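>>> Provided below for reference: sequence and predicted model.
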Amino acid sequence: MIWFTSDTHFDHQNILKYTNRPWASVEDMNEGLIANWNAVVQKGDVVYHLGDFAFRRHAYFASRLNGHINLIEGSHDKMSGKDKKAFTILGPMHAVSGDPDIIICHYAMRVWPRSHYGTWHLYGHSHGTLPPHGYSFDVGVDAVWFSPVSWNQVALKIVDVEFEAPVDPRYPPINMIRTPNISLPND
């Protein structure tokens, strides 16, 4: 199964002040996020983490989580070589192949590769504070139940979005409300 998440901020004390996370301490937050993750992600699953994984001890936290973690480094992911070995490090933007393709990045974009053809865009960084735009979706833990979300959950969310077609005369008009041709991985 494929999962997406962002902005776990393990070991980041100040994130409790900046967001409305339901934990009293950073230790409680760490344990709560690990429990939530492992409750849905299985050992053989693939997780795309869109950045700000941890403030420190990246490898330690990765070792406690189920699944293989593909990481787009965020603004807080300063790591040693040892810590980097705990992940498959992706570039700042990555395409997850599917129908449709999903463009993932730590930061939200107003347009992204092939957005005018219906590709999706998943991001983090904003901690659930940005309004939806086109087929984009904030998968940061503060926006979605403090847990990774599955490809299927993303698809259900995106299908409900009213698509705002970009205004560009070079491209033919598309339906304003479109149900993508979704190929869901097996759950």
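Cool, the structure landed.

>>> Wait, residue 142 touches residue 18, no?
No. The pair residue 142 and residue 18 fails to qualify as a contact (C-beta atoms under 8 Å) at a distance of 9.4 Å. (Each C-beta comes from the backbone N, C-alpha and C, glycine too.)

>>> helices and strands around the longest helix along the chain, which ones?
Across the chain, the helix with the greatest residue count (assigned by DSSP state H) is helix 26-40. Using 3 or more C-beta pairs under 8 Å, 6 or more residues apart in numbering; DSSP states H and E, the elements in contact with helix 26-40 are helix 15-18.

>>> buried sites along the helix it packs on?
15, 16 (16 or more other C-beta atoms under 10 Å).

>>> hang on, the earlier thing: between residue 142 and residue 18, which contacts overlap?
Residues touching both residue 142 and residue 18 (C-beta atoms under 8 Å, 6 or more residues apart in numbering) are residue 127.

>>> ok, and the closest non-adjacent residue to residue 52?
residue 74 (3.7 Å; C-beta to C-beta, 6 or more residues apart in numbering).

>>> Counting neighbours, what do you get for the one you found?
24 (other C-beta atoms under 10 Å).

>>> Tell me the backbone dihedrals of it, please.
In terms of degrees, to the nearest 10, the main-chain angles of residue 74 are phi -100, psi -170.

>>> ok, it - contacts?
6, 7, 50, 51, 52, 53, 106, 124, 125.

>>> Could you single out the nearest of those residues to residue 60?
residue 53 (11.2 Å; C-beta to C-beta).

>>> element containing the closest residue to residue 109 other than its chain neighbours, please.
By the measure of C-beta to C-beta, 6+ apart, the closest residue to residue 109 outside its immediate chain neighbours is residue 121, 6.0 Å from it. Per DSSP states H and E, residue 121 falls inside strand 120-123.

>>> Give me the residues contacting the very next helix or strand once past that strand.
Using DSSP H and E, the helix or strand that follows strand 120-123 in sequence is strand 136-138. Here strand 136-138 makes contact (C-beta under 8 Å, 6+ apart) with 6, 108-109, 112, 120-124, 126, 128, 130, 144, 154, 157-158, 161.

>>> out of those, which are buried?
6, 108, 112, 120-124, 126, 144, 154, 157-158, 161.

>>> Among these, list the two that are farthest apart in space.
112 and 144 (19.4 Å).

>>> Model confidence score at residue 165, please.
On pLDDT, residue 165 comes in at 51.

>>> same deal with residue 168?
With respect to pLDDT, residue 168 scores 49.

>>> start at 43 instead
Done: numbering now begins at 43, and the last item shifts to residue 210.

>>> Might one say that residue 80 is in contact with residue 105?
No. In this structure residue 80 lies outside contact range of residue 105 using C-beta under 8 Å: 12.0 Å.

>>> what about the two, which has more around it?
In terms of neighbours (other C-beta under 10 Å), residue 80 is the more surrounded of residue 80 and residue 105; the figures are 15 against 9.

>>> residues contacting the more buried one?
Counting by C-beta under 8 Å, 6+ apart, the residues that residue 80 touches are 106, 107, 108.
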